[in-house]
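**Q** Okay, here's the prediction I keep looking at, along with the sequence it came from:
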Amino acid sequence: MDLAGLSALLTPQGWELLEALPPYRQEAALHLAERLHAEGVDRTLVAAALTQSRLRARAHAKFGPFADGMLFTPEGLEQATRLEVAARHAQRYVAAGVDRVADLGCGIGGDAMALAALDVGVLAVERDELTAAVATVNLRHWPHAEVRHEDATTTDLRDVRGVFLDPARRTASGRRVLDPWQAEPSWDVVLATAARVPATGVKVAPGVRHDLLPPDAETQWVSVDGDVVEAGVWFGPLARPGVTRSALLLRDGSATLVDDTGLGRPPAGPVGGYLYDPDGAVVRAGLVGQLAADVEGRLLDPTIAYVTSDRLVATPLGRAFVVEEVLPFGLKTLRTRLRDRGVGRVEILKRGSAVDVEQLRRQLRLTGPGAATVVLTRVAGRQSVLLCRPVQ
């Protein structure tokens, strides 16, 4: 969608058409477009409305039913914060007593919406004209939210009490970047902003190296239903005292928060009756030791983020498996054991192994009614295979 398409949508006729469209189905979109063209609806408007219908359907994963009243760009939707995570961001500012926030690089306005919904004044800044226009539409319900089309690095911050930044983390060719110095705006701009406005928060790539992170801020990794969705660095009053790394796990409406306060290095030891696969946010945050402590367990190997224990303990920090057999790694041995067990379907997990999972799946050539989880990893420095079944 371009500015012409957006302008067409923002007419009474355009908005009425968008709201009247049936739920998006790709296989029906072409026929629907042809019917609307035959009825005399402008082609620019039809294209824009169907594009928004498609994006709204995708956006339900991040915004739920709120997506049906919003507009999107493809890039803006991809980078937008999930609504439940944006609400957590906003709560940090409210807890710190921040009453006006500059959202620099606001995109389609997801984080600005969460702030405005908590009665925080918002200055949302976006340098892309189309995206700024979309954000203006999405923030239309909140009179205390202002959108500006300008370069965020030039925004006057004298009247704000907090700043939120979501730097672009893709190159012109579309490649993702992990190094915050290569994002736009770059890390030096972020640090300079935090020096001017202490209540500053910034999204970074979840794969960011720990040695690049400031020791006087809190970096939090967030997962939703087991998928790591973001990392955020929180400066000044937005950080919790004494915390440098934390993980927030959101699943089925519940939230689990762990951090590095008082955390020691877990020991390594022999394989027990149970294996725990830590949540990705726990791994990224370097908090596997917390999972080991919770289950009275140990690492399979000092360098591998798998925990084993002799006890089955319910924990939100990772998935639990019953360990049924431990084998030295070898294709022939593994294939024989799985066939002996009648296994035809396998879930393959790996850490510390260079094996190509899909190639291994093809090489196993399995048939049978059973299922198993195959874990490729190192045990005490040796390449090993654990045959497991998940604990329901």
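**A** Arrived safely.

**Q** contacts and neighbour counts: CA atoms only from here.
**A** Noted.

**Q** Next up, the contacts around residue 166.
**A** 104, 105, 106, 202, 203, 204 (CA atoms under 8 Å, 6 or more residues apart in numbering).

**Q** so the last one touches residue 182, yeah?
**A** In this case it means residue 204. No. If you go by CA atoms under 8 Å, residue 204 and residue 182 don't touch, sitting 10.9 Å apart.

**Q** Which of the two has more residues huddled nearby?
**A** The residue with more neighbours, out of residue 204 and residue 182, is residue 204; 26 against 16, by other CA atoms under 10 Å.

**Q** if we can go back for a sec, which of the contacts of residue 166 tops the neighbour count?
**A** residue 106 (28 neighbours).

**Q** Okay, now the unreliable bits of the stretch 151-300 of the chain?
**A** Scanning the stretch 151-300 of the chain for pLDDT under 70 picks out 171-174.

**Q** change it to 90
**A** Applying pLDDT under 90 to the stretch 151-300 of the chain picks out residues 168-186, 252-253, 261-266.

**Q** residue ranges of the helices in it, please?
**A** According to DSSP state H, counting those that start in this stretch, the stretch 151-300 of the chain carries its helices in the segments 187-196, 280-284, 288-294.

**Q** Pick the most deeply packed of those.
**A** Comparing the helices of the stretch 151-300 of the chain by mean neighbour count (mean count of other CA atoms under 10 Å), helix 280-284 ranks first with a mean of 25.

**Q** so what secondary structure elements neighbour that helix?
**A** Packing partners of helix 280-284 (3 or more CA pairs under 8 Å, 6 or more residues apart in numbering; DSSP states H and E): strand 218-224, strand 227-234, strand 245-251.

**Q** could you redo the last one with a cut-off of 10 Å?
**A** For helix 280-284, the packing partners by 3 or more CA pairs under 10 Å, 6 or more residues apart in numbering; DSSP states H and E come out as strand 218-224, strand 227-234, strand 245-251, strand 254-259, helix 288-294, strand 318-328.

**Q** List the contacts of it.
**A** 206-210, 220-224, 226-231, 245-249, 257-259, 277-278, 286-291, 304-306, 317-318 (CA atoms under 10 Å, 6 or more residues apart in numbering).

**Q** Residue 335: what secondary structure?
**A** Classification of residue 335 by DSSP: H, G, I helix; E, B strand; the rest coil places it in helix.

**Q** Overlap of the contact sets of residue 204 and residue 182?
**A** Residues touching both residue 204 and residue 182 by CA under 10 Å, 6+ apart: 167, 168, 169.

**Q** dump the residue contacts of the first one.
**A** The reference is to residue 167. Neighbours of residue 167 in contact, by CA under 10 Å, 6+ apart: 79, 104-107, 180, 182-187, 190, 202-205.

**Q** Centroid-nearest residue for this structure?
**A** Central residue of the chain (CA atoms, centre = their mean): residue 229, 0.9 Å from the mean position.

**Q** That residue contacts residue 81, doesn't it?
**A** Yes. Residue 229 lies in contact with residue 81 (CA atoms under 10 Å); the separation is 8.5 Å.

**Q** and stretch 177-186, which residues are buried?
**A** For stretch 177-186, the buried set under the neighbour-count rule, 16 or more other CA atoms under 10 Å, comprises 177, 178, 179, 180, 182, 183, 184, 185.

**Q** distance of the fifth one from residue 167?
**A** Shown here: residue 182 relative to residue 167, a distance of 10 Å by CA to CA, to the nearest Å.

**Q** swap in the third one?
**A** In this structure, residue 179 and residue 167 are separated by 11 Å, where distance is defined by CA to CA.

**Q** what residues do those two have in common as contacts?
**A** Counting by CA under 10 Å, 6+ apart, the residues touching both residue 179 and residue 167 are 186, 187, 204, 205.

**Q** ok, what's across the strand from the third one?
**A** In this structure, residue 204 has beta-bridge partners residue 231, where bridges are defined by DSSP bridges.

**Q** just checking, it touches residue 219?
**A** Yes. Using CA under 10 Å, residue 204 makes contact with residue 219 at a distance of 9.2 Å.

**Q** which neighbours do the two share?
**A** Common neighbours of residue 204 and residue 219 (CA under 10 Å, 6+ apart) are 213, 231, 232, 233.

**Q** Tell me the one of the residues you listed nearest residue 327?
**A** Nearest to residue 327 out of the shared contacts of residue 204 and residue 219 is residue 231 (CA to CA; 36.3 Å).

**Q** residues near that closest one, how many?
**A** 24.

**Q** Against residue 287, how distant is it?
**A** Residue 231 is 14 Å from residue 287, by CA to CA.

**Q** do residue 29 as well
**A** Counting by CA to CA, the gap from residue 29 to residue 287 is 46 Å.

**Q** Between these two, point out the one with more neighbours.
**A** Neighbours per residue, other CA under 10 Å: of residue 29 and residue 287, the larger number sits with residue 287, 25 against 16.

**Q** just to revisit the earlier point, what about burial for the contacts of helix 280-284, which qualify?
**A** Using 16+ other CA under 10 Å, the buried ones in these are 206, 220-224, 226, 228-231, 245-249, 258-259, 277-278, 286-291, 304-306, 317-318.

**Q** what are the phi and psi angles of the closest residue to residue 177 other than its chain neighbours?
**A** Leaving aside its chain neighbours, residue 177 sits nearest to residue 169 (5.3 Å; criterion: CA to CA, 6 or more residues apart in numbering). Here is the backbone geometry of residue 169 (degrees, to the nearest 10): phi -120, psi 40.
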